[in-house]
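> Pasting the sequence and the predicted model now:
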Amino acid sequence: DTGVSQNPRHKITKRGQNVTFRCDPISEHNRLYWYRQTLGQGPEFLTYFQNEAQLEKSRLLSDRFSAERPKGSFSTLEIQRTEQGDSAMYLCASSPGTGMAGELFFGEGSRLTVL
Amino acid sequence: GQQVMQIPQYQHVQEGEDFTTYCNSSTTLSNIQWYKQRPGGHPVFLIQLVKSGEVKKQKRLTFQFGEAKKNSSLHITATQTTDVGTYFCAGPKTGANNLFFGTGTRLTVIP
């Protein structure tokens, strides 16, 4: 399978715990995006990387959220001290190229439930 | 901040009827993309429009980008049950590369 891979697919945690999600993009893609989606809403932009550089981070993202892409390949999204409002589907997408934003290839997502 | 709104939020049609969803951005977009998300699935890319006033067709789907590059539409002719899902527009404002998604239009097709 050469698509975008996300792990774990489902995560149930207690409020206050830390969680980490991993995204493996399509291998030749330079750009990697993280989105959050709640039921009935559109994907909400969180952050994106061009290779290993994090170029933009949403102002909606509190300091409890951090993302890395250390070698310009896979990426991790960590949420510290989870809150019930963090419950959502976390989507990763990758995109080739370095110019105008193009087609995003999404993974299946990681669903987080905070109890 | 940038906002991308879509109308209607929901649309129920009889199979065979046409369907249109409209997308409006608060800022000028460098391009507009459309995605389809089936229930329980992830967004899947449909098309990208770049030029002002551009119109593209994919079989029964017609996509249009407004002259001011702030609005777009998706029209489906003679809907089929396979068209069921939520349709999102998305675009980066001029000079940026982070895509903001619209609020989506959820299409239900009644057989």
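The structure has been received and is ready for your questions. Keep in mind that what you see is a predicted model, and the values were worked out from it rather than measured.
> For residue 49, which residues are in contact?
Assuming you mean chain A. A:Arg31, A:Leu32, A:Tyr33, A:Leu55, A:Ala67, A:Arg69, A:Gly72, A:Ser75 (C-beta atoms under 8 Å, 6 or more residues apart in numbering or on different chains). No exception for glycine: its C-beta is placed from N, CA and C like everyone else's.
> actually chain B
With contacts defined as C-beta under 8 Å, 6+ apart, the neighbours of B:Leu49 are B:Asn31, B:Ile32, B:Gln33, B:Lys56, B:Phe63, B:Gln64, B:Phe65, B:Ser72.
> Grab the nearest non-local neighbour of it.
Setting aside the residues directly before and after it, B:Leu49 is nearest to B:Phe65 in space (C-beta to C-beta, 6 or more residues apart in numbering or on different chains), at 3.9 Å.
> Can you name the residues that contact the one you found?
In this structure, B:Phe65 makes contact with B:Asn31, B:Ile32, B:Leu49, B:Val50, B:Lys51, B:Ser52, B:Gly53, B:Glu54, B:Val55, B:Ser72, judged by C-beta under 8 Å, 6+ apart.
> give me that answer again for 6 Å
When the contact criterion is C-beta atoms under 6 Å, 6 or more residues apart in numbering or on different chains, the partners of B:Phe65 are B:Ile32, B:Leu49, B:Glu54, B:Ser72.
> Can you pull up the residues of chain A that come close to chain B?
With the criterion set to C-beta under 6 Å from any C-beta of the partner chain, chain A comes near chain B through A:Gly42, A:Pro43, A:Phe45, A:Tyr48, A:Glu56, A:Met100, A:Ala101, A:Glu103, A:Phe106, A:Glu108, A:Gly109.
> Could you grab the helix/strand/coil label for the third one?
To tie it back to what came earlier, the one meant is A:Phe45. Using DSSP: H, G, I helix; E, B strand; the rest coil, the secondary structure recorded for A:Phe45 is strand.
> who does it bridge with?
Legend: beta-bridge partners of A:Phe45 under DSSP bridges are A:Tyr35.
> What separation do you get for the spatially most central residue of chain A and A:Glu103?
A centroid search over chain A (C-alpha atoms, centre = their mean) returns A:Trp34, at 3.1 Å, as the residue closest to the centre. Computed as C-beta to C-beta, to the nearest Å, the A:Trp34 to A:Glu103 distance reads 17 Å.
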